[in-house]
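1. Build me a model from this:
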Amino acid sequence: MYSFMGGGLFCAFVGNILLVISTATDYWMQYRLSGSFAHQGLWRYCMSGKCYTQTDSIAYWNATRAFMILSAMSCFAGIMAGILSFAHFSAFERFNRSFAAGIMFFISTLFVLLAMAIYTGVTVNFLGKRFSDWRFSWSYILGWVALLMTFFAGIFYMCAYRMHECRRLAGSR
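-> Alright, predicted model coming up:
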């Protein structure tokens, strides 16, 4: 059970770090504009070595930003619940912290999936047609890797919960 929880915490730590890096950096998309390369993230876009804040309030950027931030926050809450699940307090017999951590990691996975789906859909259908030479970049890829890490953290914690429940039920017979 503790090995599942340890693996889940490792995946969650890595996933949360990747979520923060992906959300904060400016390399979600790279493209060629007027003969020079440019790149953009969720907060800024950069052309010819100068970066500018994205002041436009475009719905898909706002949705992607919000879901990425919610994902990082729920992953952090899952990490806190996961750390607390190592401690066994008799006052919390009815509240299983490993189950709560697993649910928080799955919620984080859902949020990052929504963010990545929104960004992918709009980029391919709108921006991809606007720029002829473009590609997704490393910040975007880190978002997808973070999705996998938070998903596996949830799987590990659900396995730990299942093992704990099986042992508890076997001990009560």
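
2. Show the average pLDDT along the lengthiest helix in the chain.
-> Here the longest helix in the chain is taken by residue count, with DSSP state H as the criterion, and it is helix 138-171. Averaging the model's pLDDT scores along helix 138-171 yields 86.

3. now stretch 98-111
-> The predicted model gives stretch 98-111 an average pLDDT of 94.

4. what's the spacing between it and its chain's center?
-> Here the centre of mass of C-alpha atoms in stretch 98-111, compared against the chain's by C-alpha atoms, centre = their mean, to the nearest Å, lies 11 Å away.

5. Give me the buried positions along that stretch.
-> Buried positions in stretch 98-111, judged by neighbour count with 16 or more other C-beta atoms under 10 Å: 98-111. In short, each C-beta sits where N, CA and C put it, glycine included.

6. same check, this time on stretch 24-39
-> Buried residues in stretch 24-39, defined by neighbour count with 16+ other C-beta under 10 Å: 25, 26, 27, 28, 29, 30, 31, 38, 39.

7. Is it correct that residue 9 is in contact with residue 79?
-> Yes. Residue 9 is within contact range of residue 79, at 6.8 Å (criterion: C-beta atoms under 8 Å).

8. thinking again about what came up before, quick check: the farthest pair among the buried residues of stretch 24-39?
-> Taking C-beta to C-beta as the measure, those span a maximum distance of 16.2 Å, between 25 and 31.

9. Quick one: end-to-end distance for stretch 20-30.
-> Stretch 20-30 has its terminal residues 20 Å apart, counting by C-alpha to C-alpha, to the nearest Å.

10. outside of it, which residues touch it?
-> Residues from elsewhere that reach stretch 20-30 (C-beta atoms under 8 Å, 6 or more residues apart in numbering): 37-46, 51, 65, 68-69, 72, 119, 123, 127, 134-140, 142-143, 146.
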